[in-house]
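A.B. asks: Sequence and predicted structure, then a few things I'm wondering about:
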Amino acid sequence: MSLKLDLCNFSGMKIYPSRGIRLARVDGKVYNFVNKKSRNAYLMKKNPRKIAWTVLYRRKHKKGTETDVAKKRTRKTTKFQRSIQGATLENILAKRNQKPEVRKAQREQVIRSQKEKLKAKKEAKTSNKKKTDTKAVRNAQKKINKANTKSRPARTNVMQ
């Protein structure tokens, strides 16, 4: 036969059958207490972690726990190399084993090629701009407009 044991809502102690006090709040929540002492402490809104005789206090301050003599074994961390997204492990190891001068030369070559690409792009842009130069187009349009205005008959300020 097993007994149904409740736990005190304040002290955390076991409440055996036919023992303890029940408190039912208006919102319908039921609280179980071992005795008046824990019920009154709860009603005074005391913090059970600060009261020395409660289970929560004893757990927090490590009271009454049997300490194991055997030390915990610590695992020695082992280095493990993995490939990174976009680079395989072989590529990473090959780059690491390269001499710094070779790596520097490769880096400068890549930078040089990128600069040349940018230069070519700029030149293409400027040549394209010269073809569709807005000032030149505007000047040509003004000349055409001036020629058109000369061919029109002059306006006279005559009111009829």
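C.D. replies: Structure received.
A.B. asks: Which stretches in this structure count as helices?
C.D. replies: 36-43, 55-60, 89-97, 100-131, 134-151 (DSSP state H).
A.B. asks: Now distance to R82 and mean pLDDT too, for these, in TSV please.
C.D. replies: From N, CA and C alone the C-beta is placed, and that goes for glycine too. Output for the helices of the chain, formatted as TSV (distance: least, C-beta to C-beta, whole Å; pLDDT from 0 to 100):
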stretch	distance to R82	mean pLDDT
helix 36-43	54	97
helix 55-60	41	94
helix 89-97	7	82
helix 100-131	22	87
helix 134-151	56	73
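A.B. asks: Which among these is found nearest to T77?
C.D. replies: The closest of the helices of the chain to T77 is helix 89-97. By C-beta to C-beta, the value is 19.4 Å.
A.B. asks: how about K62, what does it touch?
C.D. replies: With contact set as C-beta atoms under 8 Å, 6 or more residues apart in numbering, K62 has no partners.
A.B. asks: residues in contact with L5?
C.D. replies: Applying C-beta under 8 Å, 6+ apart to L5 gives the contacts K14, I15, Y16, P17.
A.B. asks: Now flag whichever of these is closest to K79.
C.D. replies: Closest to K79, out of all of the contacts of L5 and judged by C-beta to C-beta, is K14, at 49.9 Å.
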